[in-house]
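*Asks:* predicted structure and sequence below. I'll ask about it afterward.
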Amino acid sequence: MSRTWQVVGASVRGTSHFKTMIPCQDACAYMVTDAGILLAAVSDGAGSAARSDLGAQQAVNQAIEILFGRLLDGRPASHRAWGELLFETFCETRRRVLGLVEEQGGQSREFACTLTILIADPNWLISGQIGDGFAAAQTADGQLIAVAAPQRGEYADSTYFITADDAPERFEGRVYRQGRDIAAVRSLAVMTDGLINLAIDKRSGLPHQPFFEPLMEVPGNIRNHETALEELYNFLVSDRINTRTDDDKTLVLAGRPVR
Amino acid sequence: MSFFDQAEFADNPEPRCPVVLCLDTSGSMKGEPVVQLNEALTQFAVELKDDALASLRVEVAVVTFGGAVRALGVHADDRGEDTGFDAGRCFTTVDLFAPPELKAGGGTPMGEAVRKGLELLRARKEIYKQNDLDYFRPWMFLITDGKPTDQWESAAEQARLEDSRKGLLFFGIGVEGAEMETLARFSPENRPPMKLRGLAFGELFQWLSRSLSAVAHSKVGDQIPLPPVGWAQVDTSA
């Protein structure tokens, strides 16, 4: 069976975290199901929350596990059905993050983290978000589209977290039918806040083309996953990036294979 | 060249953290206190400039109250000049911050200074919004060694209100001789005014520069743990 998606992703610790001995509070998880559906999740643990690294890992792992289980019985066939599946996945993920809090003891805000989810098959593209992650799609005609936009409070350092009481109301989902709502998708990128200043033109809120155009070529051309992972990791820890951001950063790239 | 090497970055301006220093320069600050304060301000600039990111993000304005209330220029071009409370002019990012030399004399119009400081912060936020600049929660520092000689009650109320709706972070600092009960009326309940140990302005401003570094490096989450306070007098009477 030909592979529908190729994917590579990594989370790395920011330089400010090295200095202060704080662990990497970002996490990511991704897979392509046997039915050819891409599942990806990224999370940014709040810098001021003591155990947000655990929250972030729990959030991405559970989100993927829940989606995987739900999609074993077939996939939704309408915008509405996808929207329901997405929201239920979010609520169940949230319950499991709060379950971890209970298990570990402590307060839920110590585990505060964001969550951005992407689901894609050849016909659908779905994004879900709480917090300040970002996701972009490149369609077959080369256009770049923001498919999940960062949620910000008034201040640069404030956003929304999955652990908050009002998280279900803050959660934003988008369902696109490829070939109808948008052209067919060839590549996808999803990232945490750490890379956003490099990836979005703040004034317009649009994906920065010179950033995304080369990166969107990466996943479709993956020949060996190990090598791709190493290249991505080297990119994320490069001086070029570290002089621009001292935060943790996560990038997951997915694309239809280039023949 | 790999695809990763070809990726170019967006050139976005840094988010800003505006800070208003409301400094008492009334007659009672004459002599050693104002000398120490000036020295501390110079050292504050040196330390924050060492932090490359903070020096691009933290913007400082200096409002003095001694006789008259003034917003002094803090840029090399207008250092120490009266800027006429022009919010476009009286804030300078730390990389360009040139501390004015303060002189003491006159009464203590503290209420007016706080009122003007709050106006400056509001106007500065508007400028950020117009220019699509992200910003952090503003800071206001009120340092005094006396008690207000003007109508201060409504200004105190405004400062408390603004702090409680998270419009700013207010810090009240009393130097020897300050009326702490009055300072408490400006301060939010969860952040009561602190009393400076002797004339430890140096340590106070060192703490401020470290705290602002912590804020400038923060990304997510609204509670930044501030470094421990070493400059305050410990109250052992309670």
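*Replies:* Nice, I can see it.
*Asks:* nearest residue to the middle of chain A?
*Replies:* residue A:42 (3.5 Å; Cα atoms, centre = their mean).
*Asks:* my guess is residue B:163 meets residue B:188, correct?
*Replies:* Yes - Residue B:163 lies in contact with residue B:188 (Cβ atoms under 8 Å); the separation is 4.5 Å. C-beta here means a position set from N, CA and C on the backbone, and glycine is covered the same way.
*Asks:* mind listing the shared neighbours of these two?
*Replies:* Counting by Cβ atoms under 8 Å, 6 or more residues apart in numbering or on different chains, the shared contacts of residue B:163 and residue B:188 are residue B:170.
*Asks:* who has more neighbours, those two?
*Replies:* residue B:163 (21 against 18; other Cβ atoms under 10 Å in any protein chain shown).
*Asks:* what about that one, distance to residue B:181?
*Replies:* 18 Å (Cβ to Cβ, to the nearest Å).
*Asks:* in chain B, where is pLDDT below threshold?
*Replies:* B:217-238 (pLDDT under 70).
*Asks:* now chain A
*Replies:* Residue ranges of chain A with pLDDT under 70: A:1-2, A:17-20.
*Asks:* repeat that with 80
*Replies:* A:1-3, A:16-21, A:47-48, A:156-158, A:203, A:259 (pLDDT under 80).
*Asks:* now the strands: where do they sit in it?
*Replies:* Secondary structure of chain A (DSSP state E): strands located at A:6-12, A:26-32, A:38-44, A:115-120, A:124-130, A:134-139, A:144-148, A:172-177, A:185-191, A:200-201, A:206-207, A:249-255.
*Asks:* return the most buried member of those strands.
*Replies:* strand A:38-44 (a mean of 30; mean count of other Cβ atoms under 10 Å in any protein chain shown).
*Asks:* quick one: is that strand near chain B?
*Replies:* Yes - for strand A:38-44 and chain B, the contact criterion (Cβ under 8 Å from any Cβ of the partner chain) is met by residue A:44.
*Asks:* which neighbouring elements make contact with that strand?
*Replies:* For strand A:38-44, the elements it packs on are strand A:6-12, strand A:26-32, helix A:52-71, strand A:115-120, strand A:185-191, strand A:249-255, judged by 3 or more Cβ pairs under 8 Å, 6 or more residues apart in numbering or on different chains; DSSP states H and E.
*Asks:* out of the ones you listed, nearest to chain B?
*Replies:* Proximity to chain B (Cβ to the nearest Cβ) singles out helix A:52-71 among these, at 8.1 Å.
*Asks:* so how far is the closest one off the chain centroid?
*Replies:* Its chain's average C-alpha position is 11 Å from that of helix A:52-71, according to Cα atoms, centre = their mean, to the nearest Å.
*Asks:* now that helix against strand A:115-120, angle please.
*Replies:* 30 degrees (axes from the mean of the first three to the mean of the last three Cα atoms, to 10 degrees).
*Asks:* on that earlier part again, check contacts around the residue nearest to the centre of chain A.
*Replies:* A:9, A:11, A:26-28, A:60, A:115-116, A:133, A:190-192, A:250, A:252.
*Asks:* ok, back up a step: redo the helices and strands packed on strand A:38-44 as CSV? Include distance to residue B:47.
*Replies:* CSV is the format used below for the helices and strands packed on strand A:38-44 (distance: least, Cβ to Cβ, whole Å):
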stretch, distance to residue B:47
strand A:6-12, 29
strand A:26-32, 30
helix A:52-71, 29
strand A:115-120, 37
strand A:185-191, 33
strand A:249-255, 28
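*Asks:* in JSON lines, list these along with distance to chain B.
*Replies:* What follows is the helices and strands packed on strand A:38-44, written out as JSON lines (distance: least, Cβ to the nearest Cβ, whole Å):
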{"stretch": "strand A:6-12", "distance to chain B": "11"}
{"stretch": "strand A:26-32", "distance to chain B": "10"}
{"stretch": "helix A:52-71", "distance to chain B": "8"}
{"stretch": "strand A:115-120", "distance to chain B": "13"}
{"stretch": "strand A:185-191", "distance to chain B": "11"}
{"stretch": "strand A:249-255", "distance to chain B": "9"}
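*Asks:* quick one: closest of those to residue A:82.
*Replies:* Checking those against residue A:82 by Cβ to Cβ gives strand A:115-120 as the closest, at 7.8 Å.
*Asks:* do stretch A:158-174 and chain B meet?
*Replies:* Yes - in terms of Cβ under 8 Å from any Cβ, part of stretch A:158-174 sits within range of chain B, namely A:158-159.
*Asks:* buried residues, stretch B:98-105. List them.
*Replies:* Of the residues in stretch B:98-105, B:99-100, B:102, B:104 count as buried by neighbour count, 16 or more other Cβ atoms under 10 Å in any protein chain shown.
*Asks:* any idea how far apart the tips of that stretch sit?
*Replies:* Distance between the two ends of stretch B:98-105: 22 Å, counting by Cα to Cα, to the nearest Å.
*Asks:* for stretch A:67-75, same thing?
*Replies:* Taking Cα to Cα as the criterion, the two ends of stretch A:67-75 lie 10 Å apart.
*Asks:* so how far is that stretch off the chain centroid?
*Replies:* 19 Å.
*Asks:* about what we covered before: and of the helices and strands packed on strand A:38-44, who's closest to residue A:210?
*Replies:* Per Cβ to Cβ, nearest to residue A:210 of the helices and strands packed on strand A:38-44: strand A:185-191, 13.8 Å.
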